[in-house]
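A.B. asks: take this sequence and fold it.
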Amino acid sequence: MTTTPLGGLVISFVSGATLTASQLNAIQYGKMDVSNGQALCPIFTAQDAVTDAVRIRNTAAGTKRTSISYNDDWYWGTDQPGNGDGGYYVYHKATNNLPIKWTGDDQCIIQWSQSQSLTSNAYAGVGGAMQINAYYGRSAPMAGSSATFSVISNVYDVKALPDGTNSEISCVYTYLQPFSSHSQKNIHLIGYDNHLITNITADPTQRPSVQLGMSYLMTPLAAGSELMDGNGQGSFIFSACNRPLSADEITYYGGDPSTGRTYPVTAMYVACGFSGSPAVVDGSYGNADYGAMYAYLAGGGGGSVYNSTQRSRFKVCFGAYDWTDFGIYIGPPTGASSTGGYQVGIQNGYLTVLGGQPYDDSGVMLSILPDQRGTKTHAASMRAAMQIGNQWLIGRDWAMAGGTDLFVAPAGASSPVLQLDTAKIGLFGVTPVTRPGVTALPSSPALSDVVTTLSSLLSGLSALGAVTVH
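C.D. replies: Okay, the predicted model is just below:
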């Protein structure tokens, strides 16, 4: 045992030497007048690469409890419960909490208790169990790839159990669980909250080369990964599910298994938002800009740092199954078309095949064009029409006055070439009339009889608009 020129105590150990607790206490509380009558921090050194500089032991039976105290407030030690569990812990006396604990099998558990109650603005932060701050290029420009938080799970041998259950291994597993036995008011429950904010620049050349709010790369290497059969349940890069809970799960959350149940969510997936200046507070405002050029985009080239420009390939781009009311529902637009033209619910430049379910015993519906009520300029309109190419229009209610007629007209024409109503027909702009009658010829007609029949025939065709009599 020696002292440094500054008065520090130096204890050098030979191989195999130990320091008892009583000796350590003697060093801690001993007074050494080596520098202004004060004892400085002891320095413990080992003389080889395998010997401990300091070793703390508890020789009591049934426990491995040891600890180092900092100002009688923070404690680092082993076996916090004192039962020989082999764990390692950090204890904060002021909050009576174990912020960090390692179990005997090396699991790391972080615990945090929050009881702060704000008096206004519940959006203000009150802290979190863990915060990681990373500073890229703060002291000097940097170049390279990095992750503020990285999780790598390496899977080796996993055996099958005789009961047929599957082992589930997840890189990240989260659980947000409010308990029904307690009160939660004015609360937003967010299972995963991710924010990405780019640099502010009006120069498009200074924007990030790619911006991804969330990125997944999945590379199935097992044949048949796309199949849903007896060997597997398929492969999905993103999965959203809602399901009933078991009776035990409802009890765990403080509910009654006899009445507790789950309910539908509003939507499994929602795309929403708009862009613009701080003065824009709603996407319906005239100065609002698009939240996205596509709310949903499949393929088209790019979309990932792993597929920056290449075209994609899908067998079916969108599949809709298991629905009850609508396979696809398109609601009203927000604002006018950016081109000033028609607002199109579905734009399809390729073959469309329409199928239908039996409507009744009389036939099958392939497609329905519903009544469009309450337009801006024609409040009584029941107009529903389909345009074929740039030439023909087929629809209902030509006059847009609530009529029940069916019409066929050239696109942009002032009158239809065919108009049908209940037991009525009109051609070439003539208002539909009841089917006209024709005078029948007698069994031995005279010339006058023929003239009469032809006259009635021409009269009927003229009433329909089929001919013009000169």
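A.B. asks: okay, CA-based contacts and neighbour counts for the rest of this
C.D. replies: OK.
A.B. asks: now S448: which helix or strand?
C.D. replies: helix 447-464 (DSSP states H and E).
A.B. asks: hey, C-alpha coordinates of that helix in CSV?
C.D. replies: Output in CSV follows, covering the C-alpha atoms of helix 447-464 (Å, rounded to 0.1, in the frame of the first residue of the first chain):
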residue,chain,number,x,y,z
LEU,A,447,-105.9,0.0,-102.5
SER,A,448,-107.5,2.5,-100.1
ASP,A,449,-106.9,0.0,-97.3
VAL,A,450,-103.2,-0.2,-98.1
VAL,A,451,-102.9,3.6,-98.2
THR,A,452,-104.6,3.8,-94.8
THR,A,453,-102.3,1.3,-93.2
LEU,A,454,-99.2,3.0,-94.7
SER,A,455,-100.4,6.3,-93.5
SER,A,456,-100.9,5.1,-90.0
LEU,A,457,-97.5,3.4,-90.0
LEU,A,458,-95.8,6.6,-91.2
SER,A,459,-97.7,8.6,-88.6
GLY,A,460,-96.6,6.2,-85.8
LEU,A,461,-92.9,6.3,-86.9
SER,A,462,-93.0,10.0,-87.2
ALA,A,463,-94.4,10.3,-83.6
LEU,A,464,-91.5,8.2,-82.4
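A.B. asks: how about it: buried residues?
C.D. replies: Within helix 447-464, the residues that qualify as buried are T453, L454, S456, L457, L458, S459, G460, L461, S462, A463, L464, counting by 16 or more other CA atoms under 10 Å.
A.B. asks: same check on stretch 102-118?
C.D. replies: W102.
A.B. asks: ok, stretch 46-64 next?
C.D. replies: A46, T51, D52, A53, I56, T63, K64.
A.B. asks: by pLDDT, give me the weakest of these.
C.D. replies: Lowest pLDDT of the buried residues of stretch 46-64: A46, 75.
A.B. asks: coming back round to it: can you name every helix or strand that the helix holding S448 contacts?
C.D. replies: strand 424-427 (3 or more CA pairs under 8 Å, 6 or more residues apart in numbering; DSSP states H and E).
A.B. asks: list of residues touching the strand it packs on?
C.D. replies: 416-420, 431-435, 464-466 (CA atoms under 8 Å, 6 or more residues apart in numbering).
A.B. asks: okay, strands next: where are they in the stretch 251-400 of the chain?
C.D. replies: 274-275, 289-290, 358-360, 363-364, 384-388, 392-396 (DSSP state E, counting those that start in this stretch).
A.B. asks: can I get those in JSON lines including mean neighbour count, distance to I169 and mean pLDDT?
C.D. replies: Below are the strands of the stretch 251-400 of the chain laid out as JSON lines (neighbours: other CA atoms under 10 Å; distance: least, CA to CA, whole Å; pLDDT from 0 to 100):
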{"stretch": "strand 274-275", "mean neighbour count": "15", "distance to I169": "38", "mean pLDDT": "95"}
{"stretch": "strand 289-290", "mean neighbour count": "16", "distance to I169": "39", "mean pLDDT": "94"}
{"stretch": "strand 358-360", "mean neighbour count": "9", "distance to I169": "46", "mean pLDDT": "52"}
{"stretch": "strand 363-364", "mean neighbour count": "11", "distance to I169": "49", "mean pLDDT": "54"}
{"stretch": "strand 384-388", "mean neighbour count": "15", "distance to I169": "53", "mean pLDDT": "83"}
{"stretch": "strand 392-396", "mean neighbour count": "19", "distance to I169": "57", "mean pLDDT": "89"}
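A.B. asks: can you redo the ones you listed as a markdown table with distance to P81?
C.D. replies: Below are these laid out as a markdown table (distance: least, CA to CA, whole Å):
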| stretch | distance to P81 |
| --- | --- |
| strand 274-275 | 54 |
| strand 289-290 | 58 |
| strand 358-360 | 70 |
| strand 363-364 | 73 |
| strand 384-388 | 76 |
| strand 392-396 | 80 |
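A.B. asks: sorry, back to before: of the contacts of strand 424-427, just the buried ones, PyMOL syntax please.
C.D. replies: Buried residues among the contacts of strand 424-427 (16+ other CA under 10 Å), as a PyMOL selection:
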select buried, resi 416+417+418+419+420+431+432+433+464+465+466
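A.B. asks: can you give me the buried ones in stretch 69-78?
C.D. replies: Neighbour-count burial for stretch 69-78 flags W74, Y75, W76, G77, T78 (criterion: 16+ other CA under 10 Å).
A.B. asks: relative to A53, how far out is the last one?
C.D. replies: Distance check for T78 against A53: by CA to CA, to the nearest Å, it reads 18 Å.
A.B. asks: follow-up on the earlier one: between the buried residues of helix 447-464, which sits nearest K159?
C.D. replies: L464 (82.0 Å; CA to CA).
A.B. asks: mind showing which ranges of the stretch 1-150 of the chain have poor pLDDT?
C.D. replies: 1-43 (pLDDT under 70).
A.B. asks: do you know how far the residue nearest to the spatial centre of the chain is from V155?
C.D. replies: The geometric centre of the chain, computed from its C-alpha atoms, lies nearest to Y269 (CA atoms, centre = their mean), at 5.3 Å. Counting by CA to CA, the gap from Y269 to V155 is 31 Å.
A.B. asks: all strands for the stretch 1-150 of the chain, in order.
C.D. replies: So, for the stretch 1-150 of the chain - with DSSP E, counting those that start in this stretch - the strands run 2-3, 9-13, 42-46, 66-70, 74-78, 88-92, 97-102, 108-110.
A.B. asks: correct me if wrong: D73 contacts A94.
C.D. replies: Yes. Assessed by CA atoms under 8 Å, D73 is found in contact with A94 at 6.3 Å.
A.B. asks: which of the buried residues of stretch 46-64 sit farthest apart?
C.D. replies: Across those, no pair lies farther apart than A46 and T63, at 27.4 Å, counting by CA to CA.
A.B. asks: so which of the buried residues of stretch 69-78 is the closest to A124?
C.D. replies: Among the buried residues of stretch 69-78, W74 lies closest to A124 (CA to CA), at 28.5 Å.
A.B. asks: how far away is that closest one from S67?
C.D. replies: 10 Å.
A.B. asks: again, but for Q387
C.D. replies: Taking CA to CA, one finds Q387 at 83 Å from S67.
A.B. asks: cool, and S183?
C.D. replies: Taking CA to CA, one finds S183 at 38 Å from S67.
A.B. asks: what about these two, which has more around it?
C.D. replies: S67 (20 against 7; other CA atoms under 10 Å).
A.B. asks: grab the nearest non-local neighbour of that one.
C.D. replies: Closest residue to S67 apart from its sequence neighbours, by CA to CA, 6 or more residues apart in numbering: G77 at 3.8 Å.
A.B. asks: isn't the one you found right up against Y88?
C.D. replies: Yes. Under the criterion of CA under 8 Å, G77 is in contact with Y88, at a separation of 5.8 Å.
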